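Student: Sequence first, then the predicted structure, then my questions.
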Amino acid sequence: MNMSRLMRKLKPGKGAVIAVPFFWLLLFFLVPFFIVLKISFAEQDLAIPPFTSLLQVEDGVLQSLSLYFGNFHFIFTDGLYAATYLSSLKVAFFTTVMCLLLGYPIAYAIARADPARRNVLLMLVMLPFWTSFLLRVYAWMGLLNETGLINNFLMSIGLISEPLHLFHNDFSLYLVMVYAYLPFMILPLFSHLVKMDMRLLEAAADLGAGPIKAFLTITLPLSKNGIIAGSMMVFIPAVGEFVIPELVGGTDTLMIGKVLWNEFFDNNNWPMASAVAIIMVLMLIVPIALLHRYETRELEGKGNA
Amino acid sequence: MHNKLSPFLKGVLVVGFLFLYIPIVSLIVYSFNESKLVTVWGGFSTKWYVSLFNNEQIMSAVKLSIQIALASALAAVALGTIAGFVLARFKRFPGSTLFAGMMTAPMVMPEVITGLSMLLLFISLQQLIGVPSERGFITIWIGHTTLCMAYVAVVVRSRLLEIDQSLEDAAMDLGARPLKIFFVITLPLVSQAIASGFLLSMTLSLDDLVTTAFLSGPGSTTLPQVIFSKVRLGLNPEINALASITVLVVGVVVLLANYLMLNAQRNRDKAIAAAMRESGAHS
């Protein structure tokens, strides 16, 4: 335990310091999941709020507890839900792979750039990330449209005679997903690659390893934690993405975030939306645990240095 | 050792940055388009900026969004700084794994889930204790604060792990009380991280659509909600104008913040070097 002396002296007040953020998160982040779980076993009802109560209480005595399994039964038997979950996982997976293939060389190039330039390059990566996500998605609508800038340009130089279908299909979905999530991949990769000891590569070169072999045997394994962290930062939110499939995806694009939104806002079926959310959380527990483990490892590595 | 980047890596950077910036540049260029058809050039005009500022729906949404963003960023910085401190300095305590997990999860959890779950919490609370009486500013503020505090905590934590704990130990040896040490030594050392956390929280809050959609009520429509309802119907030149202003503001703030931070870093390095020389001369 390398606890500083300050911390040892702080011990009596420690509980109070921890309690404030702890209870905030407990109340506003963790407890709500149990409420979602509860309501996923309720039935849609024409009431305010629009669902049945699980507990019938009379004179302070619990009369009955009724759990409705219909929502989950429907999700598991209706093929469309299964197809939608699978399709969301597929979209998130390929988005992650493409972000990694594109983001790794960018992160690597920034990490290897002259330190004076590195800051500027990093800021250039961050700048789009700081501007509105929604507006960046909107920007692609203007580029990909039938009468959009890409089609206009290609037609004006005579490369095509009629507009290409670039919009409202899988192409636009993946393109914009990769565009929106790329910074989340670059940043963790960069922070791992920049810490790497360059003498290892020099040693490898001295011992006769070619650049490709040195990369595969040294750089890649050393950036493993960054790859996992970055991939999870992209994959997890991508599974439940709503805005991108809604604005640039095809009408037949199946994404579970869109289904949840529609169940809630269009069908006013809160119990069904809750059941959809519960299954999504169950699917994401392993990736979140993975991200958490590699983050903690990173943290402890730094703490001992 | 500062080897020049190979042509391959240079090419990667060029392609990467073109990919990141072409959409943004095209947005800005076409915000000055006379034509209502956003992507067909009809001559230079600033009329969409005029009509943007005369659009009352957008302007009142901007006002509400800025108020929520300021309130959320303040709360997120307060809670996130404490949380970052706890994560960096206390390390192990009963419930520490749960605590760290609850800090990581909000950053990546799909927003349809967090939005729905928080809404259901507020509905349940309302049934139980009557508070919050309606959805609006307060519920959005709580939602945004919870999302943003995790980001602040991450930034503050990594800064705290970098700084030298011997400064805190030295202050202790000189008899300072823990609370005083926190405010006089620790807090100033992480002030840059707190400032970045504040800016990050502002932008996250200003930009949030999905969580807000679940938590807002009638009469509390934020800017992203207005933008979303408009762009769902197709391209809109006023939104291009709005986007250009956003890029300008964000660009200026980020450049300024970066400049100030580099300056502060340089001054601190100089001060430390001077102090080292002095202590060297005395011993």
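Tutor: Cool, got the structure.
Student: name the element the residue most central in space within chain B belongs to?
Tutor: By CA atoms, centre = their mean, chain B has its centre lying nearest to B:Leu200, at 1.4 Å. If you go by DSSP states H and E, B:Leu200 is part of helix B:191-207.
Student: Give me the buried stretch members for that helix, please.
Tutor: B:192-207 (16 or more other CB atoms under 10 Å in any protein chain shown). For the C-beta atoms, the positions are set from N, CA and C on the backbone; glycine is no exception.
Student: what's the answer for stretch A:22-30, then?
Tutor: For stretch A:22-30, by 16+ other CB under 10 Å, it's A:Phe22, A:Trp24, A:Leu25, A:Phe28, A:Phe29.
Student: who touches it?
Tutor: Stretch A:22-30 is contacted by residues B:79, B:83, B:95, B:98-99, B:102-103, B:105-106, B:114, B:118, B:121, B:142-143, B:145-146, B:149 when judged by CB atoms under 8 Å, 6 or more residues apart in numbering or on different chains.
Student: got the angle for the helix of greatest length in chain B vs helix B:191-207?
Tutor: Longest helix of chain B, by residue count under DSSP state H: helix B:237-282. With axes from the mean of the first three to the mean of the last three CA atoms, to 10 degrees as the basis, helix B:237-282 and helix B:191-207 are set at 170 degrees to each other.
Student: As a check, name the ranges of all helices in chain B.
Tutor: Under DSSP H, chain B gives helices at B:7-31, B:47-53, B:56-85, B:96-108, B:111-129, B:137-162, B:165-173, B:178-181, B:187-189, B:191-207, B:210-215, B:223-231, B:237-282.
Student: chain center to the fifth one, what's the gap?
Tutor: On the basis of CA atoms, centre = their mean, to the nearest Å, the separation between the geometric centre of helix B:111-129 and that of its chain is 24 Å.
Student: and what of the first one?
Tutor: The gap between where helix B:7-31 is centred and where its chain is centred comes out at 23 Å by CA atoms, centre = their mean.
Student: Check which residues of it are buried.
Tutor: B:9, B:12-13, B:16, B:19-20, B:22-24, B:26-28, B:30-31.
Student: Turn those into a markdown table, including distance to chain A.
Tutor: Converted to a markdown table, these look like this (distance: CB to the nearest CB, whole Å):
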| residue | distance to chain A |
| --- | --- |
| B:Leu9 | 4 |
| B:Val12 | 4 |
| B:Leu13 | 5 |
| B:Gly16 | 4 |
| B:Phe19 | 7 |
| B:Leu20 | 5 |
| B:Ile22 | 8 |
| B:Pro23 | 4 |
| B:Ile24 | 6 |
| B:Ser26 | 6 |
| B:Leu27 | 5 |
| B:Ile28 | 9 |
| B:Tyr30 | 6 |
| B:Ser31 | 10 |
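Student: Unless I misread the structure, A:Leu62 falls within a strand.
Tutor: Yes. Under DSSP: H, G, I helix; E, B strand; the rest coil, A:Leu62 sits within a strand.
Student: Excluding residues flanking it in the chain, which one is nearest it?
Tutor: Leaving aside its sequence neighbours, A:Leu62 sits nearest to A:Leu55 (CB to CB, 6 or more residues apart in numbering or on different chains; 6.1 Å).
Student: next one: phi and psi at the one you found?
Tutor: phi -110, psi 130 (degrees, to the nearest 10).
Student: Find me the pLDDT at it, would you?
Tutor: Model confidence at A:Leu55, expressed as pLDDT, equals 72.
Student: same question, A:Glu298
Tutor: pLDDT, A:Glu298: 66.
Student: Identify all contacting residues around stretch B:217-231.
Tutor: A:132, A:134-135, A:138, A:141, A:243, A:247, B:57-58, B:61-62, B:64-65, B:68, B:134-137, B:139-140, B:206-209, B:212-213, B:216, B:236, B:238-239, B:242.
Student: Buried only: go through those residues for me.
Tutor: Counted by 16+ other CB under 10 Å, the contacts of stretch B:217-231 give A:132, A:134-135, A:138, A:141, A:243, A:247, B:58, B:61-62, B:64-65, B:68, B:135-137, B:139-140, B:206-209, B:212-213, B:216, B:236, B:238-239, B:242 as buried.
Student: Could I get the contacting residues of A:Gly230?
Tutor: A:Cys99, A:Leu100, A:Gly103, A:Phe184, A:Met185, A:Ile186, A:Leu187, A:Pro188, A:Leu189.
Student: again, but for B:Phe99
Tutor: Here B:Phe99 is in contact with A:Ile18, A:Pro21, A:Phe22, A:Leu25, B:Ala83, B:Val86, B:Leu87, B:Phe93 (criterion: CB under 8 Å, 6+ apart).
Student: which SS class is A:Gln56?
Tutor: Going by three-state DSSP: A:Gln56 is strand.
Student: so how far is A:Ser66 from it?
Tutor: From A:Gln56 across to A:Ser66, the span is 7 Å (CB to CB, to the nearest Å).
Student: Show the model's pLDDT score for residue 134.
Tutor: Assuming you mean chain A. Model confidence at A:Leu134 (pLDDT) stands at 91.
Student: Actually, chain B is the one I wanted.
Tutor: Looking at B:Glu134, the pLDDT reads 85.
Student: Next, the closest residue to it other than its chain neighbours: phi, psi?
Tutor: Distances taken as CB to CB, 6+ apart place B:Gly217 nearest to B:Glu134, at 5.4 Å, with adjacent residues excluded. Backbone dihedrals for B:Gly217, given as degrees, to the nearest 10, come out at phi -120, psi -180.
Student: ok, of the contacts of B:Phe99, which one's closest to A:Glu295?
Tutor: Of all the contacts of B:Phe99, the one with the least separation from A:Glu295 (CB to CB) is B:Leu87, at 10.3 Å.
Student: tally of neighbours for the residue lying closest to that closest one once chain neighbours are set aside?
Tutor: Leaving aside its chain neighbours, B:Leu87 sits nearest to B:Arg157 (4.7 Å; criterion: CB to CB, 6+ apart). Using other CB atoms under 10 Å in any protein chain shown, the number of residues around B:Arg157 comes to 25.
Student: list the contacts for B:Arg157?
Tutor: A:Leu299, B:Gly84, B:Phe85, B:Leu87, B:Ala88.
Student: right, and the pair among these with maximum separation?
Tutor: A:Leu299 and B:Phe85 (13.6 Å).
Student: Return the residues in contact with the closest residue to B:Pro110 other than its chain neighbours.
Tutor: Spatial nearest neighbour of B:Pro110, excluding adjacent residues (CB to CB, 6+ apart): A:Gly240 at 2.2 Å. Counting by CB under 8 Å, 6+ apart, A:Gly240 touches A:Ser88, A:Ile256, A:Gly257, A:Leu260, A:Met280, A:Leu284, B:Met109, B:Pro110, B:Glu111, B:Val112, B:Ile113.
Student: Could you confirm whether the one helix or strand the third one maps to reaches chain B?
Tutor: Pointing back at A:Gly257 there. Assessed by DSSP H and E, A:Gly257 sits inside helix A:256-261. Yes. Helix A:256-261 is in contact with chain B by CB under 8 Å from any CB of the partner chain, via A:Gly257, A:Leu260, A:Trp261.
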